[in-house]
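**Q** take this sequence and fold it.
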Amino acid sequence: MLIWLNSFPGRTTILSPYGEHQIVKAIEGRANVQLIHNEFSVAPPNIIDLKVHIHAETQTIEWELNGVRLHHKPPLPFPPPIFLVYQSGDDASEIVSEKM
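**A** Below is the predicted model of the structure:
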């Protein structure tokens, strides 16, 4: 995964609630990624409510797991368009898009 991210010229951010780190490539064109320790104060239960908040005005994103938000807000992925990629092994999982 890290090799693939380093080959991508833009900015990216990846979060897995099961890992200990958030992966961020914040500087476009740079071949380095930053591992940021997850600040979640809850262990993921069987049912996970994972949200990503896109803040256009500050050009940042914010992750939220079961109502707990990460304090670190990585920059919005760049260049446009933004791709949201989701993976789950649960057939009953769903993706919901809401405009606030």
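**Q** make it CA atoms for all contacts and neighbour counts henceforth
**A** OK.
**Q** Pro75: neighbouring residues, count only.
**A** Pro75: 20 surrounding residues under other CA atoms under 10 Å.
**Q** again, but for His21
**A** Count around His21 with other CA under 10 Å applied: 16.
**Q** residue boundaries of the strands in this protein?
**A** Listed in chain order, the strands of the chain (DSSP state E) span 12-15, 21-25, 34-37, 50-55, 60-65, 68-69.
**Q** contacts for the lowest-mean-pLDDT helix or strand in the chain, please.
**A** For the chain, using mean pLDDT, DSSP states H and E, the weakest element among its helices and strands is helix 2-7, scoring a mean of 73. Outside helix 2-7, the residues that touch it by CA atoms under 8 Å, 6 or more residues apart in numbering are Thr12, Lys25, Arg30, Ala31, Asn32, Val33.
**Q** quick one, which of these are buried?
**A** Buried subset of these (neighbour count, 16 or more other CA atoms under 10 Å): Thr12, Lys25, Val33.
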